[in-house]
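Visitor: could you look at this predicted model? Sequence included:
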Amino acid sequence: MSPEAAQTLTIQALGWLVGNDELLPVFLGSTGTSVENLKAGIEDPSLLMSVLDFILMEDQWVIDFCDAVGFDPHKLHAVRSALPGAETLHWT
């Protein structure tokens, strides 16, 4: 997957999250960001990675998002890996 395609899908993830009345407050509370910051940061790679990381925390969220946009949930981790800056991620 190209970085551009990954960014496009992650922007869709942001839109899905903003439209989810149950998850949006959880995301906002856990990240300390605001709706205004989400709107302003739509092209910010670190914000987009945080959205995708948040969705990837729960299998049902992955399934719900992927069902909404018609994407294979088994490939969502590949999207995360294709985002600019993902190569600097350390899981330690």
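Guide: It's in.
Visitor: how about low-confidence regions in this structure?
Guide: Judged by pLDDT under 70, the chain has its weakly predicted residues at 85-92.
Visitor: can you tell me how far the residue sitting nearest the centre point of the chain sits from R80?
Guide: Compute the mean C-alpha point of the chain, and by C-alpha atoms, centre = their mean the closest residue is L52, 2.3 Å away. When distance is defined by C-beta to C-beta, to the nearest Å, L52 is 5 Å away from R80. Placement of C-beta: from N, CA and C, glycine included.
Visitor: ok so, going back, element containing the residue nearest to the centre of the chain?
Guide: helix 45-56 (DSSP states H and E).
Visitor: report the buried residues of the host helix or strand of Q60.
Guide: Assigned by DSSP H and E, Q60 belongs to helix 59-69. Using 16 or more other C-beta atoms under 10 Å as the burial criterion, the residues of helix 59-69 that qualify are W61, V62, F65, C66.
Visitor: dump the residue contacts of the closest residue to F71 other than its chain neighbours.
Guide: Closest residue to F71 apart from its sequence neighbours, by C-beta to C-beta, 6 or more residues apart in numbering: L9 at 6.5 Å. Listed by C-beta atoms under 8 Å, 6 or more residues apart in numbering, the contact set of L9 reads V69, F71, V79.
Visitor: tell me how many other residues crowd the last one.
Guide: Yep, that's V79 we're talking about. By the criterion of other C-beta atoms under 10 Å, V79 has 21 neighbours.
Visitor: check the gap between it and F71 for me.
Guide: 8 Å.
Visitor: circling back to that earlier point, against V35, how distant is the residue nearest to F71?
Guide: Taken as C-beta to C-beta, the span from L9 to V35 is 21 Å.
Visitor: in the longest helix along the chain, what's buried?
Guide: Counting residues, the longest helix found in the chain (DSSP state H) is helix 3-18. Going by neighbour count (16+ other C-beta under 10 Å), the buried part of helix 3-18 is A6, Q7, L9, T10, Q12, A13, L14, W16, L17, V18.
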